[in-house]
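Asker: no sequence for this one, just the structure:
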C-alpha cells in the first residue's frame, strides 16, 4: 500500500481519471438490485474479456489460410503446449457467452428494464447480441473443417435467395466465386477485427448508459413507469434506499463472474476443444454437416419449413425478428415493469424458449436427414426374418440394397425421414404398398424406375409381413366379405 | 496592429477568418472522406461485379470420356478455373457425371438445390440424397422429395477430342446468374 498510493497519485495527477472512476464505481444503485438476478450483464462482459485473451493467444498460432488453417488447428490441438486447452476455453467461452447474453436478455425483459429511459440501452444491447451471434458464427467458420465449409455453403445458399442481388451478395460474402482462401480471410477479418471492435464500442456505450441512467430498480407490481415522473421517482428511490455499486452490489457480480470463468475452465478441461472435425475438402462428400449448438434451431427451421415459405422465412424472418426486438421499447416503453403483471411478456419468453429448445433438440437428432449408411450398417432384425418365406426374405434383401433403411426404421435402427416399417402392413394394404413403392408420394421418391417387377414383388411381400403379433393387417374396405368385428385373422386375409 | 487583431479571438476579422477556415476544413474533410470511401467500397464490393463473375467462368476438363461408362453416374473433380495458391483443397471442386449415351451427358453440381450441402449418389436406388435437410433427387437430377425447390444444378458440357468439358468457376446458388451464365439452362425441373 505504501508504494501503491504515491504511484497512483502520480499517475492520476497526469491521467485525471480517478474521480471519474470513483464516481462510476460508487454511484448509488437501488438496494434490492444487489441481487443474483442482476449478475448476467457483468458475466457476459467477463466472458467477452476471456474470449479476447484466449482469442489473441490462438491468433499467435492459427493460420487464416484455406490450405493451412486445418493443419494449424491440429498443431494447436496436438503440438502446441496447452494449445488444446486454450482452444477449448475459447470454444466453451463462446458457448457460455451466447447462453449468458441470452439469460441477461431474458432478465431484462422480465424486469422491464428496457422501458423509459433505458430504450437506447436495450437497442444497443440488441446489437451486442447480434455481435455475439456474429462472433459465434464466424468463429465456427475459422474452425475450418467440413462443418465450416458446408456451413458457408448453406450461408451462401440462403444469401443467394435474395431477389435480384442474390448472386452479387454471395460473391461479396465469399470474396469470390467459390468458397476458398478469400472466404476464410474475410471471415477472419470479421471475427478478429470488425465484430470485436464494434462490440467493444457498443459495450462502452451500453455501460456508459447503465452508469448514467442507473441500474433498473427491482420491479414492484403496481409501480408504473411514466415518462414525466420516472426520473424523479428513480432519483428519490436511490436517494432513500440506495447503496453504492462498489462494494455492495458489485460483490455478487464478482462472485458470479469468477464462478463462470471457473465453469468455462472446468468444461474446457473435461470436454476438451471442439473439432476440427474433418479436412475441409469439398470432394469428400461423405460428410454430415452440422452447425454448432446455438444455430441448431435454424438448421431445424430450414428442414421443417414448407418449401414455399422457406425463402421468405429465411430472408424476411430475421429482419422481422430483429425489428421486433428493436421496436420493443417503443411498443411498451411505459407502464408496468413487474413480470407478475405482464403475462404477455412471460408467455412470449416461454414460447420463444420452448420453441428454441424444441427446435434445438430436433436439430441434434435431425430426424429429417437420411441415415446415409443405414442400408449397409443396420441389419434387418432377426425377428423380421424368422419363419418367413423365401420371397419375404428376398424382399428384406431388396429393402436393404435399395437404401430404404436410410429413411425408414426397422427395429429402431435406420433413418426417420419416413415412417418406421415395423408395422407397415397394419397401415397399408398390398395394393397401397405397391403404389407407394412404385409411385412414391408423401415425401417419398418413386422407385418405379429402380425396381424390377421381381424386386417389387419380393419387397412388398416382405413389407406385408411387417405386422406386430396379434395385429390384423390392413385390408381394403371395398373388398367383399367384410368380416364382423372380432373375426379371426384367417378370414380377414384376402391374399 | 494586425498581429494584435490575429491574437484577439473576439475581433471581427478573427471570427470571420475562423469561420472561413472552418468551412474550408469541413469541405476538405468531406472531400477526403469521399475520396477514401470510394476505393474502400469499390475494393469491398469488387467480388460482386458482373464482369468479375463472368471472368471467373471457364471451360475445364473432367478427364477422358472413357472414365465415364455409359449408364453410370460417377464423381469427377476439377480444379476451379480461378484459384490462388493458398486455396489448397478448397480449389478442387467435385461434380456428378451421368453418361446416358455415347455423346449424352448430364453433369450435376454436388450442391443441393436447397441449401448447398453435398448430395451423395446411391446407384442401387438411383437416388441422390442430401445429408443435411433430407432432399432427394432422381438419377436425372429431378427433385424426388424433401425441401429442395428444384432439381440439381446442371453444368453446361461439351465433348472436345476425347475429353468431357464443363463451364465452371462459380459455386451454384439459387439465382439468375447461375442459370443464365453458367448452365445456360435451368436446373432440372
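Answerer: The structure has been received and is ready for your questions. From a predicted model like this one, the values you see are computed outputs, not experimental measurements.

Asker: distance-wise, check the residue of the stretch 101-250 of chain A found nearest chain B relative to residue A:335.
Answerer: Proximity of the stretch 101-250 of chain A to chain B (Cβ to the nearest Cβ) peaks at residue A:160, 2.9 Å away. Every C-beta, even on glycine, is put in place using the N, C-alpha and C of the backbone. Residue A:160 is 44 Å from residue A:335, where distance means Cβ to Cβ, to the nearest Å.

Asker: what strand or helix carries residue A:350?
Answerer: Using DSSP states H and E, residue A:350 sits in helix A:343-365.

Asker: pLDDT on the next helix or strand after that helix, on average?
Answerer: Using DSSP H and E, the helix or strand that follows helix A:343-365 in sequence is helix A:374-377. The average pLDDT within helix A:374-377 is 90.

Asker: ditto for stretch B:26-41
Answerer: 97.

Asker: again, but for stretch A:447-456
Answerer: 91.

Asker: near chain B at all, it?
Answerer: Yes: for stretch A:447-456, a contact with chain B is found by Cβ under 8 Å from any Cβ of the partner chain, at A:447, A:449, A:450.

Asker: quick one: the strands in chain B?
Answerer: Ranges of strands in chain B, per DSSP state E, are B:58-64, B:73-79, B:92-101, B:104-109, B:120-122, B:127-129, B:136-138, B:143-145, B:154-155, B:157-160, B:163-168.

Asker: low-confidence regions, the chain specifically.
Answerer: Let's take chain A. For chain A, applying pLDDT under 70 flags the ranges A:480-495.

Asker: ah, no, chain B please
Answerer: Ranges of chain B meeting pLDDT under 70: B:1-7, B:175-189.

Asker: ok, now with 80
Answerer: Segments of chain B classed as low confidence (criterion: pLDDT under 80) are B:1-9, B:174-189.

Asker: find the centremost residue of it, please.
Answerer: The residue lying closest to the centre of chain B (Cα atoms, centre = their mean) is residue B:170, at 4.4 Å.

Asker: what is the lengthiest helix in chain B packed up against?
Answerer: Ranked by residue count, the top helix of chain B under DSSP state H comes out as helix B:12-45. Judged by 3 or more Cβ pairs under 8 Å, 6 or more residues apart in numbering or on different chains; DSSP states H and E, helix B:12-45 is in contact with helix B:2-7.

Asker: for the residue in chain B positioned nearest to chain A, grab the count of nearby residues.
Answerer: Residue of chain B nearest chain A, by Cβ to the nearest Cβ: residue B:88 (2.4 Å). Burial of residue B:88 is recorded as 23 neighbouring residues (other Cβ atoms under 10 Å in any protein chain shown).

Asker: quick one: it and residue A:184 touch, right?
Answerer: No: if you go by Cβ atoms under 8 Å, residue B:88 and residue A:184 don't touch, sitting 9.8 Å apart.

Asker: what do these two both touch?
Answerer: Jointly contacting residue B:88 and residue A:184 under the rule Cβ atoms under 8 Å, 6 or more residues apart in numbering or on different chains are A:65, A:66.

Asker: so which residues make contact with stretch A:77-90?
Answerer: Outside stretch A:77-90, the residues that touch it by Cβ under 8 Å, 6+ apart are A:50-51, A:54-55, A:57-58, A:61, A:73, A:75-76, A:139, A:264-265, A:267-269, A:271-274, A:276.

Asker: ugh, typo on my part, it should be stretch A:269-278
Answerer: Contacts for stretch A:269-278 (Cβ under 8 Å, 6+ apart): A:70, A:73-74, A:76-77, A:84-85, A:87-88, A:91-92, A:143-148, A:284, A:287, A:292.

Asker: mind checking which of those are in helices?
Answerer: Among the contacts of stretch A:269-278, the members falling in helices (DSSP H) are A:70, A:73-74, A:76-77, A:84-85, A:87-88, A:91-92, A:146-148.

Asker: how close does residue A:417 sit to chain B?
Answerer: Remark: distance between residue A:417 and chain B (Cβ to the nearest Cβ, to the nearest Å) = 5 Å.

Asker: burial count for the residue nearest to that residue when sequence neighbours are not counted?
Answerer: Nearest non-adjacent residue to residue A:417, counting by Cβ to Cβ, 6 or more residues apart in numbering or on different chains: residue A:407, 3.8 Å away. Residue A:407 has 28 neighbours, counted by other Cβ under 10 Å.

Asker: how about residue A:200?
Answerer: By other Cβ under 10 Å, the residues close to residue A:200 number 12.

Asker: that older thread, OK, contacts around the residue nearest to residue A:417?
Answerer: Contacts of residue A:407 (Cβ under 8 Å, 6+ apart): A:370, A:371, A:414, A:415, A:416, A:417, A:418, A:444, B:134.

Asker: try it again with 6 Å
Answerer: A:370, A:415, A:417, A:418 (Cβ atoms under 6 Å, 6 or more residues apart in numbering or on different chains).

Asker: quick one, strands of the stretch 1-150 of chain A?
Answerer: A:28-30 (DSSP state E, counting those that start in this stretch).

Asker: near chain B, which residues of it? Just list them.
Answerer: Contact residues of the stretch 1-150 of chain A with respect to chain B, defined by Cβ under 6 Å from any Cβ of the partner chain, are listed as A:65, A:66, A:67, A:150.

Asker: close enough to count as contact, the first one and residue B:86?
Answerer: So the one you mean is residue A:65. Yes: Residue A:65 is in contact with residue B:86 according to Cβ atoms under 6 Å; the separation is 4.5 Å.

Asker: what's the distance between the residue in chain A positioned nearest to chain B and residue A:270?
Answerer: Of all residues in chain A, the one sitting closest to chain B is residue A:67 (2.4 Å; Cβ to the nearest Cβ). Distance of residue A:67 to residue A:270, given as Cβ to Cβ: 33 Å.

Asker: so if I had to pick from the two, which one is more boxed in?
Answerer: residue A:67 (20 against 9).

Asker: my read: that one touches residue B:90, true?
Answerer: No: if you go by Cβ under 6 Å, residue A:67 and residue B:90 don't touch, sitting 7.7 Å apart.

Asker: which positions in the stretch 351-495 of chain A make contact with chain B?
Answerer: Going by Cβ under 6 Å from any Cβ, the residues of the stretch 351-495 of chain A near chain B are A:368, A:369, A:370, A:372, A:401, A:402, A:403, A:417, A:443, A:444, A:445, A:450.

Asker: re earlier: most neighbours out of the contacts of residue A:407, which is it?
Answerer: Going by other Cβ under 10 Å, residue A:370 tops those with 28 neighbours.

Asker: please name the nearest non-neighbouring residue to that one.
Answerer: Once flanking residues are discounted, residue A:370 sits nearest to residue A:406: 4.1 Å by Cβ to Cβ, 6+ apart.

Asker: still on that earlier bit, now for the contacts of residue A:407: which two are most distant?
Answerer: Largest separation among those by Cβ to Cβ: A:370 and A:418, giving 9.3 Å.

Asker: returning to what we had before: which secondary structure elements does the helix holding residue A:350 sit against?
Answerer: If you count contacts as 3 or more Cβ pairs under 6 Å, 6 or more residues apart in numbering or on different chains; DSSP states H and E, helix A:343-365 packs onto helix A:296-304.

Asker: what's the first helix or strand after the helix it packs on?
Answerer: Taking DSSP H and E, what comes next after helix A:296-304 is helix A:307-331.

Asker: how far is that following helix from where the chain is centred?
Answerer: How far helix A:307-331 lies from its chain's middle: 17 Å, per Cα atoms, centre = their mean, to the nearest Å.

Asker: is chain B contacted by it?
Answerer: Yes: residues of helix A:307-331 contacting chain B under Cβ under 6 Å from any Cβ: residue A:307.

Asker: re earlier: next, format the contacts of residue A:407 as CSV and append secondary structure and distance to residue A:119.
Answerer: Converted to CSV, the contacts of residue A:407 look like this (DSSP: H, G, I helix; E, B strand; the rest coil; distance: Cβ to Cβ, whole Å):
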residue, secondary structure, distance to residue A:119
A:370, coil, 48
A:415, coil, 49
A:417, coil, 46
A:418, coil, 50
